[in-house]
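[1] Give me the fold of what follows.
(2 chains)
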Amino acid sequence: EDQVTQSPEALRLQEGESSSLNCSYTVSGLRGLFWYRQDPGKGPEFLFTLYSAGEEKEKERLKATLTKKESFLHITAPKPEDSATYLCAVQASSGGSYIPTFGRGTSLIVHP
Amino acid sequence: GAVVSQHPSRVICKSGTSVKIECRSLDFQATTMFWYRQFPKQSLMLMATSNEGSKATYEQGVEKDKFLINHASLTLSTLTVTSAHPEDSSFYICSARRHRESQPQHFGDGTRLSIL
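    Here you go, the predicted model:
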């Protein structure tokens, strides 16, 4: 069974204090790992797709990296507007399931 | 690109009413659409998956007669909550994905359903 575990569950940072969110996964054959951002009362917003170990993607203060067992979402010099819940999901290639598995998310609060 | 529109954003209605929620992919063809339910401070709970022109596949514990899903075209899926009761009050979110499983889902902004 595909599993996705995100840590920490919650993270509080001061503005400008860089940190990383973790997404550990267990799948038999990874077709894609996805990062999303969700603001309260809104649907998740797509951020990145990573397909293979060693791949990196960047967008503004966010950088996503991928290994064979986990992905990190690095946040450099965060601002209060980066406060949100960050979700990780994996799509496996085995078993015929075309349904992505989501982690429970990391709730990030950035204090000014 | 990859915009998904979900309507309405909020519904308040009396117990026993049926409510229809629409999910449209505005600038791409969505082979697969997903419907989720989300409780406060919890992650997404998948309710069902639908492929265009096929019957929806429901997750265990989700009543298919209660939550009717129609995916009539490559850009439109609807979720109808039939004879809604207060326990059906929740945040419902749809997503759409292009034809390959390696593509990400793109989500609507959700519908807040409140049954009085």
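
[2] What about residue A:52, how many residues nearby?
    10 (other CB atoms under 10 Å in any protein chain shown). Quick note: C-beta positions are derived from backbone N, CA and C, even for glycine.

[3] hey, what's residue 4 bridged with?
    With no chain named, the answer covers chain A. residue A:25 (DSSP bridges).

[4] Switch to chain B, please.
    Note on residue B:4: beta-bridge partners residue B:25, judged by DSSP bridges.

[5] Please work out how many residues are found near it.
    25.

[6] now do the one 3 residues further on
    Using other CB under 10 Å, residue B:7 is surrounded by 12 other residues.

[7] Backbone dihedrals for it, please?
    phi -150, psi 140 (degrees, to the nearest 10).

[8] just for chain A, where's the confidence low?
    A:94-97 (pLDDT under 70).

[9] How is the residue of it found nearest chain B assigned, secondary-structure-wise?
    Here chain A gets closest to chain B at one residue, residue A:43, 3.5 Å apart by CB to the nearest CB. Classification of residue A:43 by DSSP: H, G, I helix; E, B strand; the rest coil places it in coil.

[10] so residue B:100 is in which element?
    For residue B:100, there is no host helix or strand (DSSP states H and E).

[11] For it, give me phi and psi.
    phi -100, psi 140.

[12] for the one 4 residues further on, same thing?
    Recorded main-chain torsions at residue B:104 are phi -70, psi 160, according to degrees, to the nearest 10.

[13] can you tell me which residues contact it?
    A:32, A:34, A:46, A:49, B:97 (CB atoms under 8 Å, 6 or more residues apart in numbering or on different chains).

[14] let's see it at 6 Å
    The contact partners of residue B:104, by CB atoms under 6 Å, 6 or more residues apart in numbering or on different chains, come to A:34, A:46, A:49.

[15] Then residue A:55?
    Residue A:55 sits next to residue A:66 when contact means CB under 6 Å, 6+ apart.

[16] So the nearest residue to residue B:105 once chain neighbours are set aside: helix, strand or coil?
    Computed as CB to CB, 6 or more residues apart in numbering or on different chains, the closest residue to residue B:105 that is not its neighbour in sequence is residue B:95, at 3.9 Å. In terms of secondary structure, residue B:95 is strand; the call rests on three-state DSSP.

[17] If residue B:95 is in a bridge, with which residues?
    Beta bridges link residue B:95 to residue B:34, residue B:107, judged by DSSP bridges.

[18] close enough to count as contact, it and residue B:109?
    No - with contact defined as CB atoms under 6 Å, residue B:95 does not count as touching residue B:109 (11.1 Å).
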